[in-house]
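Q: Generate a structure from the sequence data that follows.
(one chain, ligands or ions: 1)
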Amino acid sequence: MTWHRKHLLDIESLSASEIMTVLDTARAFKAVGTRAIKKVPALRGKTVVNLFVEPSTRTRISFELAEQRLSADIINFSAEASSLKKGETLKDTARNLEALNADMIVMRHSASGAPHFLARFLRASVVNAGDGAHEHPTQALLDTFTVLEKKGKVAGLNVTILGDILYSRVARSNIWALTKLGAKVTLCGPSTLVPRVFEEMGCRVTYDVEEAIREADIINLLRIQHERQRKTMFPGIGEYASLFGLSKARLARTKPDALIMHPGPINRGVEIDSEIADCGRSVILDQVTNGLAVRMAVLFLLNGGKGPQEIAI
Ligand code: CP
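A: This is a model prediction of the structure:
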């Protein structure tokens, strides 16, 4: 299908064919990344602002590299060194960036809905790089791209997402993407962090970790997001690691070809044993690699690109 959207704010509003257009375009950009000259002129003359008001390593640097590979002019906005600290509003900040002719704003914010708010009045395209506990659309797209690349399909796969689901924007975006593409999604973790209301999104909830991982083709581990929790949701880190962490003993009880995913940052020894994070079944760094191609695809499509057919392989 041909892409028509101006913003990427969430996965919930995308159709399965729109998701596939991003993934197909990302595959073409991944091939571009194997060339001697990895840069293309798709965003030449365009200005992209990376407006990160919350910490980030992977998302921020891979968006910046994606913008460089697409030949954009880049402004990296540092919230700590900005006039946000003097009380300037987000709306005024964004309007000032637009006054400098920003064409795209890639935004991370602790408030759910902040990118949607900016998209209502800005001329520039807005890309959600993570908003509170709501969504992290490019993470879900790169996760789904990695599943498709490693398993050759998404439909029919058993995907278990294990950890802090309640406070996770990654979980919400993954649930939307995976269920739209036909995967069977199981959620597992402490009952305080995996409320049954998530079943309304079309997935299964279980509190039995052994059962959740036994038939999984993909096990996607999420860290405990203390930064968003206003009260203690479980007795302690040690107890969490023992009850829900992916240990070597637990890994031995999974399918031999089950893949281990994690959006990062990982907490070794908590949600994942250190050795498992680095083992052959871990695709954690492949996810990071694929983030570059996926973010190039998103920026290309939002700038008027129609799909993978426009990228010369
Ligand atoms: N996965 C992810 O969003 O990581 P960062 O917070 O480092 O960007």
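Q: and the helix or strand hosting residue 130, what's its mean pLDDT?
A: Taking DSSP states H and E as the definition, residue 130 sits inside strand 125-131. Strand 125-131 shows an average pLDDT of 98 in the prediction.
Q: Shouldn't residue 187 be within a strand?
A: Yes - assessed with DSSP: H, G, I helix; E, B strand; the rest coil, residue 187 lies in a strand.
Q: Burial check on it, number of neighbours?
A: The number of residues packed around residue 187, counting by other CB atoms under 10 Å, is 28. Heads up, the C-betas are built off the backbone N, CA and C, glycines and all.
Q: wait, isn't residue 67 in contact with residue 61?
A: No - with contacts counted by CB atoms under 8 Å, residue 67 stays clear of residue 61, the gap being 10.7 Å.
Q: Among those two, which residue is more densely surrounded?
A: In this comparison of residue 67 against residue 61, neighbours counted by other CB under 10 Å, the higher total goes to residue 67 at 25 against 14.
Q: Let's see the pLDDT reported for that one.
A: According to the per-residue confidence, residue 67 scores 98 in pLDDT.
Q: what about residue 91, how many neighbours?
A: A count of nearby residues for residue 91, using other CB under 10 Å, gives 13.
Q: Now do the end-to-end distance for stretch 46-62.
A: This stretch, stretch 46-62, spans 18 Å end to end (CA to CA, to the nearest Å).
Q: Domain ranges for the protein, per the record?
A: With domains defined by automatic domain parsing, the chain comprises 16-136+291-310, 137-287.
Q: Could you dump those into TSV and include distance to the ligand?
A: Shown next, in TSV, are these (distance: least, CB to the nearest ligand atom, whole Å):
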stretch	distance to the ligand
domain 16-136+291-310	3
domain 137-287	4
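Q: would you turn those into JSON lines with distance to residue 2?
A: Putting the domains of the chain into JSON lines (distance: least, CB to CB, whole Å) gives the following:
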{"stretch": "domain 16-136+291-310", "distance to residue 2": "5"}
{"stretch": "domain 137-287", "distance to residue 2": "18"}
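Q: low-confidence ranges in the stretch 201-313 of the chain?
A: Along the stretch 201-313 of the chain, the parts satisfying pLDDT under 70 run over 230-231, 235, 312-313.
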